[in-house]
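Visitor: Task: produce atomic coordinates for the following.
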Amino acid sequence: MRRPKLTVLKTGSTLPGLLNRRGDFEDWIRQPLVATGADVRVVDAQADEPLPPPRRQDGVVVTGSPSMVSRREPWSEKAADWLGSLVVRGTPIPVLGICFGHQLLAHALGGAVGPNPAGREIGTVDVECLPAAADDPLLGEMPNPFAAHVTHEESVLALPTDAVHLARSAGDPHQAFRWGDCAWGVQFHPEFNRAVMCDYLAGRRQILRAEGLDPLSLFRTTRETPQSHGLLTRFTQTCARVDLG
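Guide: Prediction:
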C-alpha cells in the first residue's frame, strides 16, 4: 500500500487553554494519520494560505472550528468552493469533514447548515449507524451504536442531494453522511480523546449552566471512544487505495 499525501485543512483553533496544554485540532488529527503511514501537511484556510491543486494530495481532512458555516465568511466560502471542486471532479479526491468541516462539505454540495434545532450537543454520545452504513468503507466496521465525542451549536439541517445518510444521534439526525464514493462528513470528533472532551466541558461550563445543561453530569458520562477514533485510520487506508488517475 502506497504512502498517501494528505492535506489537513485547518479552519480554526480549539479553546485557548486547551490549545496551550494539548495542542490543536490539526495536531490531534495528524497523529493517527501519520501513524498509519500518511505524509501530512497543514494548510490554514483562515490565514488564507494557498489551497493546493487537486493532484497535490491524495486526500483532505477538514478540521473543526469555532466559526459558523452559516456566517458565510469569505475564507469559509472560498474553502467550500475548493472542497466542492475536489469532490465533483472527474476523479474525485477523498475528503473527510469533521464537525465544522462536515457542515462546510454539506454546504459546498448544496446542503443546508444552521443552528441545531435541538440546541448545543456536547459530551460523549451514542451514535446510531443507519442501514446504509453497513457497507460503508469508514463506518461499516463500527459497532451499532458507537460512542463519539461531540461539541457543536450548528448542524447540517438538510443533506445535499444524492448524499447517503449514514448515522444519527439523539441530539443530531445528521451525524454522518457520504457523497459519491469518497467524500464523508462526520459531525462527531474522531480525533478527540476523553481528556480533550473533558477539557471542553470544563471550558464551556458557565455557558452550559446558562443553557440549562449540567457540566458535571456530562463529565461523568464521558468515556474513551476507540471505535470512532479508528475512523481516521480507515480514511488514510482508503486514500492509499484510491486510484486518482
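Visitor: Report the buried residues of the strand or helix carrying residue 21.
Guide: Under the criterion DSSP states H and E, the helix or strand holding residue 21 is helix 16-22. Buried positions in helix 16-22, judged by neighbour count with 16 or more other Cβ atoms under 10 Å: residue 18. Backbone N, C-alpha and C define where each C-beta goes, glycine included.
Visitor: Mind checking what helix or strand follows that helix in sequence?
Guide: Using DSSP H and E, the helix or strand that follows helix 16-22 in sequence is helix 25-35.
Visitor: Any idea how far that following helix is from the middle of the chain?
Guide: Averaging C-alpha positions (Cα atoms, centre = their mean, to the nearest Å) puts helix 25-35 13 Å from its chain's average.
Visitor: Which elements pack onto that helix?
Guide: strand 5-10, strand 39-44, helix 226-241 (3 or more Cβ pairs under 8 Å, 6 or more residues apart in numbering; DSSP states H and E).
Visitor: Determine the angle, from 0 to 180 degrees, between it and helix 226-241.
Guide: 60 degrees (axes from the mean of the first three to the mean of the last three Cα atoms, to 10 degrees).
Visitor: Extract the C-alpha set from helix 25-35 and format it as CSV.
Guide: Only the C-alpha atoms of helix 25-35 are listed here, as CSV (Å, rounded to 0.1, in the frame of the first residue of the first chain):
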residue,chain,number,x,y,z
PHE,A,25,-7.2,20.2,16.0
GLU,A,26,-4.6,19.6,13.4
ASP,A,27,-2.2,18.0,15.9
TRP,A,28,-4.8,15.5,17.1
ILE,A,29,-5.8,14.7,13.5
ARG,A,30,-2.2,14.4,12.3
GLN,A,31,-1.2,11.8,14.9
PRO,A,32,-3.3,8.8,13.7
LEU,A,33,-2.8,9.8,10.0
VAL,A,34,1.0,9.7,10.4
ALA,A,35,0.8,6.5,12.4
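Visitor: Any buried residues in that helix, and which?
Guide: Buried residues in helix 25-35, counted by 16+ other Cβ under 10 Å: 25-26, 28-30, 32-33.
Visitor: what are the bridge partners for the residue nearest the centre of the chain, then?
Guide: Here the mean C-alpha position of the chain is nearest to the C-alpha of residue 98 (Cα atoms, centre = their mean), at a distance of 0.8 Å. Applying DSSP bridges to residue 98 yields these beta-bridge partners: residue 186.
Visitor: Spit out the contact partners of it.
Guide: Under the criterion of Cβ atoms under 8 Å, 6 or more residues apart in numbering, the neighbours of residue 98 are 25, 29, 61-64, 186, 188-191.
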